[in-house]
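Novice: Take this sequence and fold it.
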Amino acid sequence: MRYKFIFRLIFLTAVALKTANADTTYVFPGNVSGTWTTEGSPYIIVMGDAIIPLLDTLFIESGVKIMSGTFIRLIVNGSLQAIGAEEDSITFTNSIYGPGWRHIEFHQNNSSSLMEYCIIENGNSLEPTGYGSGGGAWNIGANVTFKHCMFRDNYAISGGAVCLSGFSITTFDSCGFYSNQVEYAGGAINSWGMGTIVIRNCEFLSNYSYNYGAVMYAYGDSITIENSSFRYNSSQYSLGIIIAYGYEILVRNCSLYANWNNQGIYTSCNTIRILNNIFDNINGDEAIYISGTVDSIDINHNCFNGYEPIIHTYNQTPPGFEQLTTVNVNGDSCDIYGNLFRPPLYVDPQNGNLNLQLSSPCIDAGNPDLPFDPDNTIADMGRYFFDQTLYPIENLTIILQDENAHLNWPSNPLSTQYCVYKSSVPYFELSTAQHFFTADTFFVDSDALSEGTGFYRVTVIRNDE
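Specialist: Numbering: from 1, shown residues only. I've put the predicted structure just below:
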């Protein structure tokens, strides 16, 4: 068999060796840059670390597979641009021999890196030397964005999937973390620097920590977690699915379901904002555990179910919290902060469907001061909003009989669910009007005449869940 050699004139010479009769490229220890193409895939890193030098960039095309030997790293001193496609991801995995590769290691520099539609799997940072940080990736002070990436079956001492340190800026957008494990802390993510962490539209499923933080154990200057779900994550000891220390934490529109042996959120951040979330757990301690004295606590418009007690603080529980002294826009009993304490009524949570049923009390029960949902209604609680996209009904008839208003309308093939809106003024805004859901093509408004003039509008709800 003939071989094609690729040389770079650096301290180490041969960086890649490609067989002429097979689509395989072997990458040897030393510097790498340029473009890794689908024609050269798979790229197998052997014998030592591959390094992207400072000021250089490595581009990786969609569909490329990178395989690394035992405890071997891809070190990024410059920039990594690994941009796959939804139907053609880039895969970072281990070679067929050994317990697993180490991770992708990003170092502080003036460049940023982007990984999009990548699969990072089977990383192992449990090598005898080193810090054992980040089974799939370790960001040491760099600016890195992960979009539509999947981290699965990675293993480490700290940060089963990813470890963050230094003044790093790390964004996870629409990523999935599945079955990552850690021996110390942070089943999916561990951070011990004072950086910025942003998590949006992510899913955390079946991650495990032997000690603390089934999903996250983080010291961070700013931690934002939004529109994400957490299911079946667990740890040997309690102390939080999410453990956060630092300056501020925002958790908004997240769904936590059936996580085991943990508080929902354990934090001592100076500023704590927990808004529009659903805490639904059958094996948990407190939903929120605030350790120490903090500067600001804002816990509003959440749904709590299955936690006892709901909250623990050091004499800083917001006054009136958990006291059902008022009702929300749906007429459901809540505390003065709009928090509910009842089942959220998911569609099929045991099989991963955390969408809300039509009868869920979490619909339109979020903070009305936050941006509306995409269907232009008040924000729902939890990760997934109930789509109330409106299709107006024509030929609505109203018959007044015995002080009641009888509404009838023809069926609509788009849906079997309807919403009846009522207001005392014409041309009203639907988002602020009294409303009722029904599966029928008629509705009776009792005692309508005694309430004075009423105006009605009926719309179709198109919901595919």
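
Novice: Per-residue pLDDT of the residue with the largest distance to the centre of the chain, please?
Specialist: Among the C-alpha atoms of the chain, the one most distant from their mean position (CA atoms, centre = their mean) is that of residue 402, at 52.1 Å. Here the pLDDT value assigned to residue 402 is 87.

Novice: residues touching it, list them.
Specialist: Contact analysis of residue 402 by CB atoms under 8 Å, 6 or more residues apart in numbering lists nothing. In this view, the C-beta of every residue, glycine as well, is placed from N, C-alpha and C.

Novice: Please report how far it lies from residue 259.
Specialist: Separation of residue 402 from residue 259 (CB to CB, to the nearest Å) stands at 52 Å.

Novice: Secondary structure class of residue 450, three-state.
Specialist: Under DSSP: H, G, I helix; E, B strand; the rest coil, residue 450 falls in the helix class.

Novice: Grab the nearest non-local neighbour of it.
Specialist: Of all residues beyond its chain neighbours, the one nearest residue 450 is residue 403 (5.9 Å), with distances taken as CB to CB, 6 or more residues apart in numbering.

Novice: Verify the stated contact: the one you found with residue 445.
Specialist: No. Assessed by CB atoms under 8 Å, residue 403 is found out of contact with residue 445, at 9.8 Å.

Novice: quick one: which of those two has more around it?
Specialist: Using other CB atoms under 10 Å as the criterion, residue 403 and residue 445 rank with residue 445 on top: 20 against 12.

Novice: From residue 451, how far out is that one?
Specialist: Per CB to CB, residue 445 is found 9 Å from residue 451.

Novice: Check residue 149 too.
Specialist: Counting by CB to CB, the separation of residue 149 from residue 451 is 55 Å.

Novice: Looking at those two, which one has more neighbours?
Specialist: residue 149 (28 against 13).

Novice: surely the more buried one meets residue 114?
Specialist: No. The pair residue 149 / residue 114 is not scored as a contact, 10.2 Å apart, by CB under 8 Å.

Novice: Leaving out the residues flanking it, which one is nearest to residue 178?
Specialist: Excluding the flanking residues, the one nearest residue 178 by CB to CB, 6+ apart is residue 152, at 4.3 Å.

Novice: The one you found: how many residues sit nearby?
Specialist: Other residues near residue 152 come to 20 when the count uses other CB under 10 Å.

Novice: how close does it sit to residue 123?
Specialist: Distance, residue 152 to residue 123, by CB to CB: 10 Å.

Novice: now residue 396
Specialist: In this structure, residue 396 and residue 123 are 60 Å apart, going by CB to CB.

Novice: Kindly state the pLDDT recorded for the residue nearest to residue 178?
Specialist: pLDDT for residue 152: 98.

Novice: Name whatever forms a beta bridge with it.
Specialist: For residue 152, the beta-bridge partners under DSSP bridges are residue 121, residue 178.

Novice: I'm done for today, thanks for sticking with me.
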